[in-house]
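1. Sequence isn't available, so here's the structure alone:
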Ligand code: SF4
């Protein structure tokens, strides 16, 4: 019987990569709990181990091999133990993983999560090793949020896949074509999360600005519907593509500013138009800066962050300097810098003008050093300001409450002695900032 395939055994999932993978892991746990698996905190206690892999960073396949290798002894001691690999490496490598890793029982791709219990049941019943890694590009993406303990702030997938084919990126090959959830389902989903105590959602997608519901609604209209038709207090989203960030979206962000947060992650990737063209990003440096100005004019005080790749094939020293100047000109609160490394299937992996590793490392360090100074300067502008903080956690060992401002700044403050600290969790309170550090602001509660 499918409802009892777990028979109360433990399931342990090891997660790599982005928030999308973290959300997928949460979904796997929820689905496996429904068939009587019990989440456990260590692989030693599990009858089922899953590695939810990521192929964005370096040596992803190697990481899967080495992690599965660590479970060889567990399998020898317990032959009934099943080991599977999901996520982007599974999607990319498919049956090759089974061939290369004899101890592995099954491999499942990014579109096979919802059928994971059936796959595990088949493997257990037939004692055969299985692969399920087909893209379901024609099927609707109709997957309601499954989060066991959502807390104050949670993530909601609104779309998956990407059609942009940036020349450095493996995502279109590991997540498939773009598919969006229906707007009315998302409204229902978020109302249900609000009923469970959620105050803030972050809408997730590889390229949220490409969101398109079957009813015709685009991302801006989705934001409007969530702001108007649900009681969610705060809405964030990631990741935006600069080429699709339009005036309408800015106007909606401005109109519903009480709910839509003053923080936008807008990946530039490079500050040089020629490099951007070779990356197939669909915008020039000037067009990117125009979007930044449009956003800042409409939403004064909005905070921006970005992704930057240094050492993309053919990037000259001068072109790298353009990236540094873009970072200075925009004044990002935070950047996520990467040294380019080739990914399978991608066009840029075949470019012959790869940049030497030593140059990439040097450029990366220069960029990190530059941003450190900018982040610190910008953080200091918060000194003395009063911010509305949505409280997420109480850290008893340090006796401080932790929350975030609408600009996504993490703020710590001491709870008043007259009140139980936990009663603040989920509330939005006013905090005066006393001291700014690069990654955190310290403040005091205004009563
Ligand atoms: S838009 Fe983002 S997810 Fe899509 S190919 Fe480009 S970098 Fe990858």
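-> Cool, the structure landed. Keep in mind that what you see is a predicted model, and the values were worked out from it rather than measured.
2. any idea of the mean pLDDT in stretch 73-89?
-> The pLDDT scores in stretch 73-89 average 94.
3. got the buried residues for it?
-> 75, 81-89 (16 or more other C-beta atoms under 10 Å). Bear in mind the C-beta positions are built from the backbone N, C-alpha and C, glycine included.
4. now do stretch 353-366
-> Buried residues in stretch 353-366 (16+ other C-beta under 10 Å): 354-355, 359-360, 362-364, 366.
5. Same question for stretch 268-279.
-> For stretch 268-279, a neighbour-count test (16+ other C-beta under 10 Å) marks 268-273, 275-276, 278-279 as buried.
6. What's the local residue count around residue 115?
-> Other residues within reach of residue 115, judged by other C-beta atoms under 10 Å, total 14.
7. Over to the residue nearest to it when sequence neighbours are not counted: give its phi and psi.
-> Excluding the flanking residues, the one nearest residue 115 by C-beta to C-beta, 6 or more residues apart in numbering is residue 132, at 6.6 Å. Main-chain dihedrals, residue 132, degrees, to the nearest 10: phi -130, psi 90.
8. sorry, back to before: would you mind giving the buried residues of stretch 353-366 as CSV with secondary structure, distance to residue 229 and pLDDT added?
-> Below are those laid out as CSV (DSSP: H, G, I helix; E, B strand; the rest coil; distance: C-beta to C-beta, whole Å; pLDDT from 0 to 100):
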residue, secondary structure, distance to residue 229, pLDDT
354, coil, 50, 96
355, coil, 49, 98
359, helix, 51, 98
360, helix, 47, 98
362, helix, 51, 98
363, helix, 47, 98
364, helix, 44, 98
366, helix, 47, 98
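9. Show the overlap between those and what lies near the ligand.
-> The subset of the buried residues of stretch 353-366 within reach of the ligand, by C-beta under 6 Å from any ligand atom, is empty.
10. how about the residues you listed, which pair is most distant?
-> 354 and 366 (19.2 Å; C-beta to C-beta).
11. Any regions of the stretch 1-150 of the chain where pLDDT drops low?
-> Residue ranges of the stretch 1-150 of the chain with pLDDT under 70: 1-2, 142.
12. which residues does the residue of it found nearest the ligand contact?
-> Closest to the ligand within the stretch 1-150 of the chain is residue 56: 9.0 Å, counting by C-beta to the nearest ligand atom. Listed by C-beta atoms under 8 Å, 6 or more residues apart in numbering, the contact set of residue 56 reads 17-18, 88, 170-171, 343.
13. Top of those residues by number of neighbours, please.
-> Neighbour counts for these (other C-beta under 10 Å) peak at residue 88, which has 26 neighbours.
14. So what touches the helix or strand hosting it?
-> Using DSSP states H and E, residue 88 sits in helix 87-93. Defining contact as C-beta under 8 Å, 6+ apart, one finds that helix 87-93 is touched by 16-17, 21, 24, 51-56, 60-61, 63-64, 97, 107-110, 133, 170-171, 173-175, 344-345.
15. of these, buried ones?
-> By 16+ other C-beta under 10 Å, the contacts of helix 87-93 give 16-17, 21, 24, 51-56, 60-61, 63-64, 97, 107-110, 133, 170-171, 173-175 as buried.
16. what pLDDT, on average, does stretch 430-446 get?
-> Per-residue pLDDT over stretch 430-446 has a mean of 94.
17. Now that stretch: buried residues?
-> Quick answer for stretch 430-446 (16+ other C-beta under 10 Å): 431, 433, 436, 438, 441, 443, 445.
18. out of the residues you listed, which are inside strands?
-> Counted as lying in strands by DSSP state E, out of these, are 431, 433, 436, 441, 443, 445.
19. Look up how far residue 94 lies from the fourth one.
-> Read that as residue 441. Using C-beta to C-beta, to the nearest Å, we find residue 441 at a distance of 46 Å from residue 94.
20. ok so, going back, output the ones in strands among the buried residues of stretch 430-446 in a markdown table, with distance to the ligand appended to each entry.
-> Output for these, formatted as a markdown table (distance: C-beta to the nearest ligand atom, whole Å):
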| residue | distance to the ligand |
| --- | --- |
| 431 | 35 |
| 433 | 34 |
| 436 | 31 |
| 441 | 30 |
| 443 | 35 |
| 445 | 40 |
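21. Residue 233 contacts residue 199, correct?
-> Yes. In this structure, residue 233 is within contact of residue 199 by C-beta atoms under 8 Å, at 4.5 Å.
22. what residues do those two have in common as contacts?
-> 390, 428.
23. okay, those two: which has more neighbours?
-> residue 199 (21 against 17).
24. How about the contacts made by that one?
-> 152-153, 232-234, 390, 426, 428.
25. 10 Å instead, please
-> The contact partners of residue 199, taken as C-beta atoms under 10 Å, 6 or more residues apart in numbering, are 151-154, 193, 231-234, 390-392, 425-428.
26. Now a ChimeraX select for only the buried ones of the residues you listed.
-> Burial among the contacts of residue 199 is assessed by 16+ other C-beta under 10 Å; the matching ChimeraX selection reads:
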select :152,153,154,193,232,233,234,390,391,392,425,426,428
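27. pLDDT-wise, what's the bottom of the contacts of residue 199?
-> For these, the pLDDT minimum is residue 151, 90.
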